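Q: sequence and predicted model, in that order:
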Amino acid sequence: MAATRVTDLGVEQPDVRRPSALSLSLRRLLGPDWRMGFLFILPIVLLVLSLVAYPFSYAIYLSMTRKFVGMPPIFVGLENYIRLAHDGFFLRAVWNSFIFTFGSVVFKLGLGMLMALVLTSNIRFRSFFTGVLLVPWVAPTVVTALNFLWIYDGSLGVLNYLLVKVFRILPQGVGWLSEPYTAMASVIFVNIWRGFPFFGISFLAGMKAIPAELYEAAAVDGANVIQRFLHITLPALRNIVIIVVLLSTIWTFNDFGIVYILTRGGPGGATMVLPVFAYEMAFGAQRLGDAIAVALYMLPGLAIVIVLLARYMRRGHAR
Amino acid sequence: MDRRVAALAEQVAANVISRREFVRRVALVTGSAAVGTHVLGSMASAQAKPKLRAWLFKSFVTDCNEILAKHIEAWAKERNVDVEFDWATFGDREQKFVAAIEAGNPPDLAEMNYQGPMRYRPALRDVTKLAKDLAGARGGLLPYADRVMQFDGKYYGIAHQAFGGGLHIRKDLVEAKGLKMPKVYDPDVIDVAKKLQDPSKDLWGFGQTLNRCDDGNGFMQNILWCYGGSAWDKDGKPALATTFAKQNLEALKFAVDTIRVHKVQPPGVMGWTDVSNNESYMAGKLVSTNNGASLYYAMVKRNHPLADKTSVILTPGGPAGSFVFAGTYNWGIFQKSKYHELAEDMIRWVEDEKRFEEFMKASIGQAGPVYKSRADNAYWKTDPNFEGMKANVLRSMWPGYPGPITPAAIEVQAQYVLCDMAGRVVSAGLTPEAALKEAHGRIEEIHKVRSRG
């Protein structure tokens, strides 16, 4: 039999349970369909928890353990982080990572802008050049790095051959990957070569969206090419430049393949960057706890860049 | 639709049986079919061949790879076993082991390098009985192989081969100038190099990288021993800048001076990888270089003009004698293997003396002996260059010498600490004393971490 209740007037009515205070406040806060809403977002929440949150939390835990291959982890607290903070090779890797990233991104920005400006001008075979300039971006990193390994080779490389034998600019070949400054410059160059088309093509897309009337009006007002670039093109590209620079900073900071294939961090650690250091720690030293601690040391800096990136992307989206 | 179910459906339609009876009979039919299928499946799998996963090392000596695969396939056919091969190279072997062990999915057995038994011990089976059986039937294990296969008296690897090699030197050039083959690095190698090199023609006296790679590691380890030093003392404690500081400093100075002072090394040598010296030598740009037998193999197999002009001699020594490091390759069986008996059987098969002889003869000097009986094989007298290669193997040492092989000694090699020490002098301008001290600090830290287990 259905439950009933007696009203103040003595009338018997079916007992319809009142929503709880919590339910009411949730309803007020999240809207009337909050239960259905939760149901809809549940799959993605589970996905994020299992594929992002769990591995990330486990990585944080492992970074606080002494974990050798095939052995159970032993919790050591912050010991790995403290030890790394006093490790000269690690600190050099941090410094090298910043040099590698900064050196690469600055040049990619300049070259990318130049590429976009050239490709928006009235040159013949523009589509052809656009395609050709994209080749470095399309080529797999491994192929690129192996090609440059041969190009830079001190004895058999084409670069020394051209400089010494063909053009006779140098009396003797240069050890491009064996001297600290040339080694770092060489790996940065490969990263620039590989990455600048992304900048160029992104800027090109942005420039195409700038109304031609703006340039015409500026020209009528007597603005020269540089003034038009500074006062129309650059402001219009501002958000794209910021987003591309931030994205490239993240990618370059995490770049592993180029440095690993070309120098493995040598000579003497002169080109050791954090991703290669973490890799060597994991698979060379086989200390998984330390390796993850190295990787997590990169996190705060990258998190700042990611937050900035997200802000700019959302701002662009809002517009 | 199943014919029996269709017939039942017709009976329902004709009101011959009730719906309830239809459901009951259909459940019976489909249930028995499912059970039957499952039973048949079980019977089929009971009849299926066991599948053995074997990871093999892909050597530059490709003929040996093919012969090893052929032997394993013959064994699999004989024993009615499916074998799944996977090849690992110098560059990706350790990564694969780490990933597989941590994922709990290692192969049944694998060909490992000298580091394997020590590094992967927690995941490996104790194979003491098999190791002793095989060694006993072959006159015993040679000391360098015996030392790296065991830990605390238990064997975790079955020795297979030790890589032969030596100083590859242009005998045509040496003879043309009436010089003698070098026996020690200083002054012999330097003298020969200086007299024979011609930088204007891009011909360099000595090609030996100190960079972060196996070649650099091997040389730096050897040169410390040759000068009477070591990174470790006889108890396995760090000794780079303590017990053997003087000897190690002299050794380091010699190594870096081949580039900085004597200038007998080609430009870019500090950026070399393991294949760079092979390529340079075969391109006729080097008078001499230390390498495994794979360089000689490559020249002989390709009928390279330098093959006949090359002598492979004992690796030169130093004031304390001639010491070299040689890696013993070996078989490991993983604890997770369900087929460890089959794996042991496979190892017995490929290590059979006749089969190994076929393998060794194809190696052109690379498959150095690990058992006493193999060292006496007449094969080693068939080419004058083989004698140098074999002699090098027979006097080789293990990481950690003069102390025991330890996880810390293995990690110092794996982290290229000695290469970095040289690199810091040549490339970063540190004094040898400062670089030695810095490297000692790293070794102490590794020793500290590894000692705690």
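A: Structure received.

Q: check contacts around the residue of chain B found nearest chain A.
A: Using CB to the nearest CB, the single residue of chain B nearest to chain A is B:G268, 1.8 Å away. Backbone N, C-alpha and C define where each C-beta goes, glycine included. Going by CB atoms under 8 Å, 6 or more residues apart in numbering or on different chains, B:G268 touches A:152-155, A:157, A:160, A:173-178.

Q: outside of stretch A:28-45, which residues touch it?
A: In contact with stretch A:28-45 (CB under 8 Å, 6+ apart) are residues A:26-27.

Q: if we use 10 Å, what do you get?
A: A:23, A:26-27, A:48, A:53 (CB atoms under 10 Å, 6 or more residues apart in numbering or on different chains).

Q: need the residues of the stretch 1-150 of chain B near chain A, please.
A: B:91-99, B:101-102, B:104, B:106, B:115, B:119-124 (CB under 10 Å from any CB of the partner chain).

Q: now with 8 Å?
A: B:94-95, B:97-98, B:101-102, B:119-123 (CB under 8 Å from any CB of the partner chain).

Q: now neighbour count too, for those residues, in TSV please.
A: What follows is these, written out as TSV (neighbours: other CB atoms under 10 Å in any protein chain shown):
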residue	neighbour count
B:E94	22
B:Q95	14
B:F97	27
B:V98	19
B:I101	22
B:E102	16
B:R119	26
B:Y120	24
B:R121	19
B:P122	13
B:A123	20
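
Q: these in helices, which ones?
A: B:94-95, B:97-98, B:101-102, B:119 (DSSP state H).

Q: out of the residues you listed, who's nearest B:K372?
A: B:R119 (26.7 Å; CB to CB).

Q: you'd agree the closest one is up against A:V69?
A: Yes - counting by CB atoms under 8 Å, B:R119 touches A:V69, with 6.8 Å between them.

Q: overlap in contacts of the two?
A: With CB under 8 Å, 6+ apart as the test, B:R119 and A:V69 both reach A:286, B:97.

Q: just the strands in the stretch 1-150 of chain A please.
A: Taking DSSP state E, counting those that start in this stretch as the criterion, the stretch 1-150 of chain A contains strands spanning A:4-6, A:12-14, A:65-66, A:74-75.

Q: so after the strand or helix carrying A:S186, what's the next helix or strand?
A: Using DSSP states H and E, A:S186 falls within helix A:180-208. Later in the chain than helix A:180-208, the nearest helix or strand by DSSP H and E is helix A:212-220.

Q: and the helix or strand just after that following helix, what's its mean pLDDT?
A: Following helix A:212-220 in sequence order, the next helix or strand is helix A:225-228 (DSSP H and E). Averaged across helix A:225-228, the pLDDT comes to 92.

Q: same check, this time on stretch A:163-170
A: Per-residue scores along stretch A:163-170 average to 90.

Q: cool, and stretch B:396-406?
A: Here the average pLDDT along stretch B:396-406 is 92.

Q: rewinding a little: what mean pLDDT would you report for the helix holding A:S186?
A: 93.

Q: how's chain B carved up into domains?
A: If you go by automatic domain parsing, the domain ranges for chain B are B:3-40, B:51-163+B:327-397, B:166-325+B:415-451.

Q: out of these, which is the most enclosed?
A: Comparing the domains of chain B by mean neighbour count (mean count of other CB atoms under 10 Å in any protein chain shown), domain B:166-325+B:415-451 comes out on top with a mean of 21.

Q: okay, how far is it across it, tip to tip?
A: 34 Å (CA to CA, to the nearest Å).

Q: got it, and stretch B:317-326?
A: 15 Å.

Q: and the contacts of it?
A: Taking CB under 8 Å, 6+ apart as the rule, stretch B:317-326 contacts B:144, B:162-165, B:183-186, B:218, B:221-223, B:225-229, B:247, B:250-251, B:254, B:314-316, B:368, B:392-393, B:395-399, B:401.

Q: which one is the residue in the stretch 51-200 of chain A that chain B sits nearest to nearest to, not counting chain neighbours?
A: Closest approach between the stretch 51-200 of chain A and chain B, counting by CB to the nearest CB: A:G154, at 1.8 Å. Closest residue to A:G154 apart from its sequence neighbours, by CB to CB, 6 or more residues apart in numbering or on different chains: B:G268 at 1.8 Å.

Q: which phi and psi values does the one you found adopt?
A: Phi and psi for B:G268, reported as degrees, to the nearest 10, are phi 90, psi 0.

Q: how near is it to B:A428?
A: Separation of B:G268 from B:A428 (CB to CB, to the nearest Å) stands at 17 Å.

Q: can you check B:E250 too?
A: From B:E250 to B:A428 the distance is 21 Å (CB to CB).

Q: B:K253 too?
A: 16 Å.

Q: give me the phi and psi angles of the spatially closest residue to B:C226 that is not a sequence neighbour.
A: Once flanking residues are discounted, B:C226 sits nearest to B:G318: 3.1 Å by CB to CB, 6+ apart. When quoted as degrees, to the nearest 10, the phi and psi of B:G318 stand at phi -140, psi -160.
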